[in-house]
Each structure stands twice: as structure tokens, then as C-alpha cells.
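Student: here is a sequence together with a model predicted from it:
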Amino acid sequence: MREVVFLVLAERPGHLEVQAETLPIRITAPTLEELQHQAREALIEHLGPAHCTVRVRVRRGPTAAVSSIRPVVRPGALCC
């Protein structure tokens, strides 16, 4: 399983901004829950069906993980 790490660039109440370390994906969201949704959508757009095999991590600093976002398979989505 691949892992995509998103580094927090800006964090204040109602605003989270992250950048993927290895992919050209930058996301802005008001909450961590919305950030999880946006990360999933960005991976679907960037990787296509392969997004199902990717674990997403959000980090505030070089080592501290904020969360681990598990892949969510939509009904009818094929992950091979």
C-alpha cells in the first residue's frame, strides 16, 4: 500500500491548508473532516481507481501525524 503524506502549511480556526509531499496536490478546507473528503476527491482525480490502495496521512511537523485517513470505497468503484 502506498502512502501520501500531506504537510500542514497553515492552520487556524476554520482553515487548514495542506500540500502533498510527493504529488502536486494542495488542499484547503475548514475542518479536518472536510480535509479528509477533499483528499479523497483529489486522489480520485489524480490517480483514478488506484486511489483505493493509498493511505493518506496529515502531518503538522516533520514527525507528528495529525490523522490517518483510510481509503473509502464508493459503491460501484472498482479497486484492483
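Tutor: Arrived safely.
Student: please enumerate the helices of the chain.
Tutor: 32-47 (DSSP state H).
Student: longest strand of it?
Tutor: The strand that spans the most residues within the chain, counting by DSSP state E, is strand 2-12.
Student: which residues sit against that strand?
Tutor: 16-23, 25-27, 39, 43, 53-60, 66 (Cβ atoms under 8 Å, 6 or more residues apart in numbering). The C-beta positions use only the backbone N, C-alpha and C, and glycine is treated the same way.
Student: which of these are buried? Put it as a ChimeraX command.
Tutor: The command below creates a ChimeraX selection of those among the contacts of strand 2-12 that count as buried (16 or more other Cβ atoms under 10 Å):
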select :16,17,18,20,25,27,39,43,54,56,57,58,59,66
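Student: out of the contacts of strand 2-12, which sit inside strands?
Tutor: Using DSSP E, the contacts of strand 2-12 in strands are 16-20, 26-27, 54-59, 66.
Student: please convert those residues to JSON lines, extending it with pLDDT and distance to E3.
Tutor: Below are the ones in strands among the contacts of strand 2-12 laid out as JSON lines (pLDDT from 0 to 100; distance: Cβ to Cβ, whole Å):
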{"residue": "L16", "pLDDT": "93", "distance to E3": "19"}
{"residue": "E17", "pLDDT": "94", "distance to E3": "20"}
{"residue": "V18", "pLDDT": "94", "distance to E3": "14"}
{"residue": "Q19", "pLDDT": "95", "distance to E3": "15"}
{"residue": "A20", "pLDDT": "93", "distance to E3": "11"}
{"residue": "R26", "pLDDT": "95", "distance to E3": "18"}
{"residue": "I27", "pLDDT": "95", "distance to E3": "16"}
{"residue": "V54", "pLDDT": "79", "distance to E3": "7"}
{"residue": "R55", "pLDDT": "80", "distance to E3": "5"}
{"residue": "V56", "pLDDT": "83", "distance to E3": "8"}
{"residue": "R57", "pLDDT": "85", "distance to E3": "6"}
{"residue": "V58", "pLDDT": "87", "distance to E3": "12"}
{"residue": "R59", "pLDDT": "87", "distance to E3": "11"}
{"residue": "V66", "pLDDT": "55", "distance to E3": "14"}
